[in-house]
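K.L.:
build me a structure from this.
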Amino acid sequence: LAASVSPQEYMRKALDFMEKDASFCTKALLPSTIPKVRLALQEAFVDENITYIRAGVPAIFSSGDAEAMQCLYRVTFFTHGSRCHTFEKEFRAYVLDSVLEKVLPLLGSTNEYVDCLTEMYRHFDKLVKGSFENHHVYEAAMANAFSEVVNYKSEEKKSGPVASAAEMLAKYFDSLLRKSTKGFNDQDIEDKVEHSMFVFRFMEDKDVFQKFYSQYLAKRLIHNLSIGMDFEETVIVRMKTEYGYEYTAKLHRMLQDYSVSTSLSREYNESLKSTVRASSVSLTVQVLQTATWPLTTQSVAAVILPPELESAVQSYNNFYQQKYQGRVLNWVHQFSTGEVKCTFTNTLHQITMTLYQMITLLLYNHQDTLTVDDIQTRTSLPARLLGSHLKALCECGLLITANKPASWKEPNLDMELSLNLKFKHKRNKFKINAAVSKETPEETAKTRTSIDEDRRVWTQAAIVRVMKSRKTLSHQQLTQEVIQLSAKWFKPNIPLIKKCIQMLLEKEYIERSPDRNDLYLYMA
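P.N.:
Next up, the predicted model:
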């Protein structure tokens with residue numbers, strides 16, 4: 001039979017004969033005899049022809065025929081004992097090649113990459129559960145293949161490094177959890193998050209994902225772009241279930257800060273109602289812990305606030321100091337936004353804009369025309385920021401100028417900007433688009449650099465921790481222990497470990513043994 005048909009046809013006919021024969025023996029013989037009969041059938045049809053069967057396995061997998069794979073499994077696992085044959089290497093290669101062929105062209109296209117990867121995972125998961133009856137050997141082979149895909153390191157393109165799966169998954173979740181998400185209902189979003197969590201489970205660079213995800217979460221919360229706190233909490237709880245509380249502790253504290261800040265703002269505004277002095281400014285403040293939120297505040301511009309805003313800020317400072325004595329508030333104006341009511345036209349307009357745009361526009365309460373130098377002097381905005389915000393105000397039509405500059409990066413200080421008293425807009429309530437909530441290539445590069453620095457610090461700390469415990473270790477042993485210790489967050493490469501060891505030798509945390517060059521000693 002084996003010589004006259006293809007391996008696929010042979011297995012189909014062999015399985016049919018083996019099952020009929022086993023079924024007949026079940027009716028005619030004692031139960032204790034059945035295992036021996038099944039073993040004899042396997043020896044005759046499978047064991048003696050395993051080389052022939054194995055030759056047809058690649059063709060079965062490459063065809064993608066689920067029925068042929070099920071037939072292969074049932075034939076080779078006929079006795080379900082130790083004599084069964086597995087083809088996990090061939091199956092892993094089939095899964096790996098199939099997935100890479102689909103997803104490699106999508107590297108850099110965040111949503112398409114994750115959606116495709118998720119679709120492929122669900123396809124092969126269904127295949128393993130159906131054709132291979134969820135057998136642990138094939139389940140492990142599939143998991144191993146997807147793990148390699150998720151942690152695939154591509155070569156840099158001319159345009160720069162390609163985003164890793166960890167980075168793209170963080171962006172994917174950000175796109176799902178933003179208000180701008182279109183075409184998805186609540187159930188669609190929940191399903192997409194649930195189905196894509198396997199990427200998080202398999203990826204090695206969990207520190208990369210955590211860094212990018214925390215930054216995107218901060219932007220969503222600060223700029224009020226999140227679709228809802230329930231969804232945010234659900235995603236973080238799923239991460240916690242997969243990887244533990246320590247991994248999501250800061251993310252949980254960010255949500256807590258946001259919730260507490262909402263309550264504080266409500267309490268503050270209620271307290272203002274009981275005072276005699278009425279304010280023209282309604283203030284909503286988010287109080288964020290410096291150690292928890294991934295915000296860059298070193299380059300915050302010390303701007304001059306208009307009197308009405310300055311008094312509101314001082315009022316909240318007093319309220320907060322009375323409630324929490326000893327705490328200091330550092331105002332980060334670069335992330336602030338405000339709503340301005342424009343009453344100088346026939347139609348009332350309510351415009352949402354950045355704080356820097358607001359303090360610029362409020363100057364026009366006192367005069368209709370100002371030079372760039374006047375604005376810079378009265379607001380103390382740096383030139384690198386002032387130009388972009390003046391450009392946004394001119395593009396929306398609130399300000400006009402007779403001499404439009406060639407570049408807004410360095411506008412002429414003598415250029416005059418006037419309030420557009422004939423301003424019109426198709427909407428009474430709108431928002432001036434700003435780049436504050438969008439990620440720039442420079443920000444991405446800084447984040448990657450920050451991750452590299454964090455890894456250097458972590459690796460050095462791991463080396464010191466290991467050496468302090470073991471006192472004496474060879475280079476190979478130290479390298480292996482550092483890799484094991486770091487595996488929870490990332491997989492350090494050997495050059496990084498060597499570089500960190502050299503740095504610690506120079507800092508005299510460790511020293512080489514005088515007898516062996518590859519032996520390190522801990523220096524107390």
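K.L.:
please enumerate the helices of the stretch 101-250 of the chain.
P.N.:
Assigned by DSSP state H, counting those that start in this stretch, the helices in the stretch 101-250 of the chain fall at 110-130, 136-150, 165-177, 186-202, 206-222, 229-243, 245-273.
K.L.:
surely Y520 and E511 touch.
P.N.:
Yes. Using C-beta atoms under 8 Å, Y520 makes contact with E511 at a distance of 7.1 Å. In short, each C-beta sits where N, CA and C put it, glycine included.
K.L.:
which of those two has more neighbours?
P.N.:
The neighbour comparison of Y520 against E511 (other C-beta atoms under 10 Å) goes to Y520, with 26 against 13.
K.L.:
and the more buried one, bridged to which residues?
P.N.:
Beta-bridge partners recorded for Y520 (DSSP bridges): L473, R512.
K.L.:
still on that earlier bit, and S32, which of the helices of the stretch 101-250 of the chain is closest to it?
P.N.:
Ranking the helices of the stretch 101-250 of the chain by their distance to S32 (criterion: C-beta to C-beta) puts helix 136-150 first, at 28.1 Å.
K.L.:
any idea which residue sits dead centre in the chain?
P.N.:
Centroid-nearest residue in the chain, with C-alpha atoms, centre = their mean: A170, separated by 1.6 Å.
K.L.:
residues in contact with that one?
P.N.:
By C-beta atoms under 8 Å, 6 or more residues apart in numbering, the residues touching A170 are 208-209, 212-213, 216.
K.L.:
just the buried members of the residues you listed?
P.N.:
208-209, 212-213, 216 (16 or more other C-beta atoms under 10 Å).
K.L.:
got the buried residues for whichever strand or helix holds K341?
P.N.:
Taking DSSP states H and E as the definition, one finds K341 inside strand 337-342. Using 16+ other C-beta under 10 Å as the test for burial, strand 337-342 gives 337-338, 342.
K.L.:
would you reformat these as a markdown table and include distance to L329 and pLDDT?
P.N.:
As requested, the buried residues of strand 337-342 are exported to a markdown table (distance: C-beta to C-beta, whole Å; pLDDT from 0 to 100):
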| residue | distance to L329 | pLDDT |
| --- | --- | --- |
| T337 | 18 | 88 |
| G338 | 18 | 89 |
| C342 | 30 | 89 |
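K.L.:
ok, so of these, who is nearest Q460?
P.N.:
Checking those one by one against Q460 (C-beta to C-beta), the nearest turns out to be T337, at 40.2 Å.
K.L.:
which stretches of the stretch 151-300 of the chain aren't confidently modelled?
P.N.:
Scanning the stretch 151-300 of the chain for pLDDT under 70 picks out 155-162, 181-183, 274-280, 296-300.
K.L.:
show me where the stretch 351-500 of the chain has helices.
P.N.:
Counting by DSSP H, counting those that start in this stretch, the helices of the stretch 351-500 of the chain are 355-362, 372-379, 383-395, 441-470, 475-486, 494-506.
K.L.:
ranking those by burial, who's on top?
P.N.:
Burial of the helices of the stretch 351-500 of the chain is given as mean neighbour count (mean count of other C-beta atoms under 10 Å); helix 355-362 ranks first at a mean of 23.
K.L.:
what's in contact with it?
P.N.:
Here helix 355-362 makes contact (C-beta under 8 Å, 6+ apart) with 301, 303-306, 308-309, 333-334, 336-338, 340, 353, 375, 379, 381, 385-386, 389-390, 392-393, 398-399, 432, 434.
K.L.:
list the contacts for the closest residue to S98 other than its chain neighbours?
P.N.:
In space, and not counting its chain neighbours, S98 is closest to M120: 7.2 Å by C-beta to C-beta, 6 or more residues apart in numbering. Applying C-beta under 8 Å, 6+ apart to M120 gives the contacts 98-99, 102-103.
K.L.:
rerun that using 10 Å as the cut-off
P.N.:
Residues counted as contacts of M120 (C-beta atoms under 10 Å, 6 or more residues apart in numbering) are 95, 98-103, 146, 149.
K.L.:
the strand holding K341 versus helix 206-222: what angle between them?
P.N.:
Interaxial angle, strand 337-342 versus helix 206-222 (axes from the mean of the first three to the mean of the last three C-alpha atoms, to 10 degrees): 30 degrees.
K.L.:
what is strand 337-342 packed up against?
P.N.:
Packing partners of strand 337-342 (3 or more C-beta pairs under 10 Å, 6 or more residues apart in numbering; DSSP states H and E): strand 349-354, helix 355-362, strand 429-431.
K.L.:
compare the helices of the stretch 351-500 of the chain and give me the one nearest R201.
P.N.:
Closest to R201 of these is helix 475-486 (C-beta to C-beta; 18.2 Å).
K.L.:
before we move on, the earlier item: what's the closest of the helices of the stretch 351-500 of the chain to E194?
P.N.:
Between the helices of the stretch 351-500 of the chain, helix 441-470 lies closest to E194; by C-beta to C-beta that is 26.7 Å.
K.L.:
tell me the mean pLDDT for stretch 517-524?
P.N.:
For stretch 517-524, mean pLDDT rounds to 86.
K.L.:
residues near R122, how many?
P.N.:
Per other C-beta under 10 Å, the neighbour tally for R122 reads 12.
K.L.:
quick one: it and H195 touch, right?
P.N.:
Yes. Counting by C-beta atoms under 10 Å, H195 is a contact partner of R122 at 6.5 Å.
K.L.:
and the nearest residue to G130 once chain neighbours are set aside, how far from E395?
P.N.:
Of all residues beyond its chain neighbours, the one nearest G130 is A66 (6.4 Å), with distances taken as C-beta to C-beta, 6+ apart. Computed as C-beta to C-beta, to the nearest Å, the A66 to E395 distance reads 56 Å.
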